[in-house]
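**Student:** The sequence and its predicted three-dimensional model are supplied below.
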2 protein chains.
Amino acid sequence: MRFGEDTFGFLLSDTARLLRRAFEQSVQNTPITLAQARALVYLARNEGMRQVDLAELLEIQPMTLARLIDQLAAESLVERRQDPADRRAYRLYLTDKAAAHLDVIAKVADGLRDRALDGISDEDREQVMVVLRRIRQNLAPR
Amino acid sequence: MRFGEDTFGFLLSDTARLLRRAFEQSVQNTPITLAQARALVYLARNEGMRQVDLAELLEIQPMTLARLIDQLAAESLVERRQDPADRRAYRLYLTDKAAAHLDVIAKVADGLRDRALDGISDEDREQVMVVLRRIRQNLAPR
DNA sequence: TGTGATAATAAGCAACGCTTACTATCACAT
DNA sequence: ATGTGATAGTAAGCGTTGCTTATTATCACA
């Protein structure tokens, strides 16, 4: 057999799948999905971005983001405002309503992180973050 | 702002997404998808399983697996054989044709692992595997 | 001023997963 | 022996997240 107990790739994607599932169960009552949460969080760090730039930050295609923003705008969590300097572009802003959702996201994320990292030492946590960042960088589209 | 540079969860799922994308690009010419590859690999470790048991191993719903098996059977990579002891159930077997695909999957997985783990020491690799296994366990449905 | 690049989107598709409901069969207690 | 509840698999239909290709409007600049 050429496959051992755990392939690195399967282990990583299994873990991510479980995390996603746990997240989805945690926000079951809210109208927010994981991709939307991700967009909100990144946008919160950088309000006023254009869609193109947010898409690049999220490493998804502009079209994929456009529909994500459609959903968030439909929930009145995000506003598209004309870019004063470029009539092709929008600038993205969070609404007041988004703050409550960000609170929920933060709480869920904290709870999940605690559950996921239970029994793992601080040094190990830090170490894993470092390695994962490196892996992400290694895999980033050239 | 309550979100730091990297949230653990986002980091993990980002990394997994990039890995998935890289995998999909690598097997673009083959009729195999990631979920199918996963099923094949797990099945190779345990030929003759019933669908229910493979679904549980993969942590997906029986229905989700049924369609995965449909696809693999359509490609003549997997065979459903009647369970001699239970007329409701099938036993799953790989065909000869599957071996070539498993070879490809193994090569792609190796290449991806090398690329992903570039610049990471052996000790760090081992450590990340250990921690990820623990996380997976922590997140497993109770 | 016109030509190529860019921002956003329309349309349509694919992968992967889910739930609910159904059929056939099984296991076991009465 | 039989009938009742559990189990194996599937049909149907949907949701989330992503993609590609093509179109429109606008911009930048030679």
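**Tutor:** In hand now; what should we look at? Numbering: from 1, shown residues only, chains lettered A, B, ... in the order given.

**Student:** Quick one: residues contacting A:E79.
**Tutor:** Taking Cβ atoms under 8 Å, 6 or more residues apart in numbering or on different chains as the criterion, A:E79 is in contact with A:A73, A:L92, A:Y93, A:L94, A:T95. All C-beta spots, glycine's among them, are computed from the backbone N, C-alpha and C.

**Student:** For chain A, which residues score under the pLDDT cut-off?
**Tutor:** Low-confidence segments of chain A, defined by pLDDT under 70, span residues A:1-5, A:142.

**Student:** got a winner among the contacts of A:E79 for most neighbours?
**Tutor:** Neighbour tally across those (other Cβ atoms under 10 Å in any protein chain shown): the maximum, 22 neighbours, falls on A:L92.

**Student:** what phi and what psi does the backbone show at that one?
**Tutor:** Backbone geometry at A:L92, expressed as degrees, to the nearest 10, gives phi -100, psi 130.

**Student:** isn't it right up against A:V78?
**Tutor:** Yes - in this structure A:L92 lies within contact range of A:V78 using Cβ atoms under 8 Å: 5.8 Å.

**Student:** for chain A, which helix is longest?
**Tutor:** For chain A, the longest helix by residue count, based on DSSP state H, is helix A:96-116.

**Student:** residues making contact with that one?
**Tutor:** A:19, A:22-23, A:26-27, A:30, A:32, A:37, A:40-41, A:44, A:75-78, A:94, B:2-3, B:7-9, B:135, B:138-139.

**Student:** which of those count as buried?
**Tutor:** Buried residues within the contacts of helix A:96-116, defined by neighbour count using 16 or more other Cβ atoms under 10 Å in any protein chain shown: A:19, A:22-23, A:26-27, A:32, A:37, A:40-41, A:44, A:75, A:77-78, A:94, B:3, B:7-9, B:135, B:138-139.

**Student:** Show me those residues that map onto helices.
**Tutor:** Mapping these onto helices (DSSP H) picks out A:19, A:22-23, A:26, A:37, A:40-41, A:44, B:8-9, B:135, B:138-139.

**Student:** just those residues now: which is nearest DNA strand D?
**Tutor:** Distance to DNA strand D across those (Cβ to the nearest atom of the strand) is lowest for A:A37, with 7.6 Å.

**Student:** Now for that closest one: which residues touch it?
**Tutor:** A:F23, A:V27, A:H101, A:I105.

**Student:** Distance-wise, check it relative to A:E126.
**Tutor:** When distance is defined by Cβ to Cβ, to the nearest Å, A:A37 is 24 Å away from A:E126.

**Student:** Quick one: name the residues of chain A near DNA strand C.
**Tutor:** Within chain A, the residues that sit near DNA strand C (Cβ under 7 Å from any atom of the strand) are A:17, A:21, A:50-53, A:62-63, A:66, A:69, A:80, A:83, A:86, A:88-90.
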